[in-house]
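Asker: What follows is a protein structure lacking sequence information:
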């Protein structure tokens, strides 16, 4: 029997906060969403992580090459996939913390903080300074979906150094490169509980292997994707997660669907979806990959407590 892993899941932090703000601070929420970038993660729908599916794909993972070797097919999550799925910058300044202390947190909030509940209290305080609320919200986003790790309900305060300008950070730093670096870092370490953005892996496989949609009874979604609806959507990751909610995929924690999914992997053909391959300029991606990705990897090493 294949090893069953647990995965860090903090997406509920975002969906819960988005719901709360829509009821109590709608104008503030809309202002944040209008900025795009990291803030768009607030719109991701929540559902349980499909642990059986992810445990299955990890059977094919090669930590030496950071790729999935499936019956002669080699798949690896790249910056191109990141740009396609989330439409957030993969280039820009590296997500690299220079000062590993609480100084920036104290400078912004007047005190050191480490717990999610402290962040939530600031975000939900309608009388608090808008900039402070935005910075706290960005920290919640970074620790919930961009670089989630095994730190329970604690966050890494040194990242406030990169979030101190909440209106510009999404356009300044290569957050998607950091997201990929964090995921690969945790996959390589592969404890019984895997950190990094698990939903990124789910979306990656349902894009790269379209017949997975057929295997969970959503052939119509595969057809929509191949007609171009996914490529034209402003936030493909959100599109995929919403479509997955049409099935029992996320609800079935026993993995009954593996009976129909496993044959897709075992009989994988040369049919990896190629629409995203022609969507972006390869030269730009190559140049964007160099320093931001390496620096983001360095930062990821410091996010495990």
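Answerer: That came in fine, so what should we check first? On a predicted model such as this, the values are computed, not experimentally measured, just so you know. Residues are numbered from 1 along each chain as shown.
Asker: got any ranges where this structure has weak pLDDT?
Answerer: The chain contains residues with pLDDT under 70 at 1-9, 151-152, 190-192, 270-305.
Asker: how about the strands in it?
Answerer: 6-7, 61-62, 67-70, 73-75, 193-194 (DSSP state E).
Asker: between those, which gets nearest to residue 150?
Answerer: strand 193-194 (5.9 Å; Cβ to Cβ). Every residue, glycine included, has its C-beta placed from N, CA and C.
Asker: Neighbouring strands - and their directions - for the closest one?
Answerer: Sheet pairing for strand 193-194, assigned by DSSP bridges, gives strand 6-7 (parallel).
Asker: Quick check: which of the strands of the chain is nearest to residue 252?
Answerer: Using Cβ to Cβ, those put strand 6-7 closest to residue 252, at 15.2 Å.
Asker: ok, residue 206 - contacts?
Answerer: Shown in contact with residue 206 (Cβ atoms under 8 Å, 6 or more residues apart in numbering): 212, 213, 240, 244.
Asker: ignore the last one, residue 137
Answerer: Taking Cβ under 8 Å, 6+ apart as the definition, contacts of residue 137 comprise 17, 32, 39, 42, 119, 123, 166.
Asker: and if you look at residue 38?
Answerer: So residue 38 contacts 88, 138, 141, 142, 146, 169, 170, 175 (Cβ under 8 Å, 6+ apart).
Asker: I'd assumed residue 163 was in contact with the second one.
Answerer: Yes: under the criterion of Cβ atoms under 8 Å, residue 138 makes contact with residue 163 at 4.7 Å.
Asker: re earlier: to residue 81, which of the strands of the chain lies closest?
Answerer: The nearest among these, by Cβ to Cβ, is strand 73-75 at 9.6 Å.
Asker: That closest one pairs with which strands, parallel or anti?
Answerer: strand 67-70 (antiparallel).
Asker: Tally up the residues packed near the residue lying closest to residue 128 once chain neighbours are set aside, please.
Answerer: Spatial nearest neighbour of residue 128, chain neighbours left out: residue 122 (5.7 Å); criterion: Cβ to Cβ, 6 or more residues apart in numbering. Residue 122 has 20 neighbours, counted by other Cβ atoms under 10 Å.
Asker: And residue 122, how close does it get to residue 99?
Answerer: Relative to residue 99, residue 122 is positioned 21 Å away (Cβ to Cβ, to the nearest Å).
Asker: Export the strands of the chain to JSON lines and append columns for distance to residue 220 and mean neighbour count.
Answerer: JSON lines is the format used below for these (distance: least, Cβ to Cβ, whole Å; neighbours: other Cβ atoms under 10 Å):
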{"stretch": "strand 6-7", "distance to residue 220": "28", "mean neighbour count": "18"}
{"stretch": "strand 61-62", "distance to residue 220": "30", "mean neighbour count": "15"}
{"stretch": "strand 67-70", "distance to residue 220": "25", "mean neighbour count": "18"}
{"stretch": "strand 73-75", "distance to residue 220": "24", "mean neighbour count": "15"}
{"stretch": "strand 193-194", "distance to residue 220": "31", "mean neighbour count": "17"}
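Asker: what's the closest of the ones you listed to residue 52?
Answerer: When the strands of the chain are ranked by proximity to residue 52 (Cβ to Cβ), strand 6-7 comes first, at 10.8 Å.
Asker: returning to that earlier point: need the residues touching each of residue 138 and residue 163.
Answerer: residue 169.
Asker: When these two are compared, which one has more neighbours?
Answerer: The residue with more neighbours, out of residue 138 and residue 163, is residue 138; 29 against 22, by other Cβ under 10 Å.
Asker: quick one: the helices in the stretch 1-150 of the chain?
Answerer: Secondary structure of the stretch 1-150 of the chain (DSSP state H, counting those that start in this stretch): helices located at 11-24, 26-35, 51-57, 79-86, 103-109, 116-124, 130-141.
Asker: So what's the gap between the fifth one and the chain middle?
Answerer: Which is helix 103-109. 26 Å (Cα atoms, centre = their mean, to the nearest Å).
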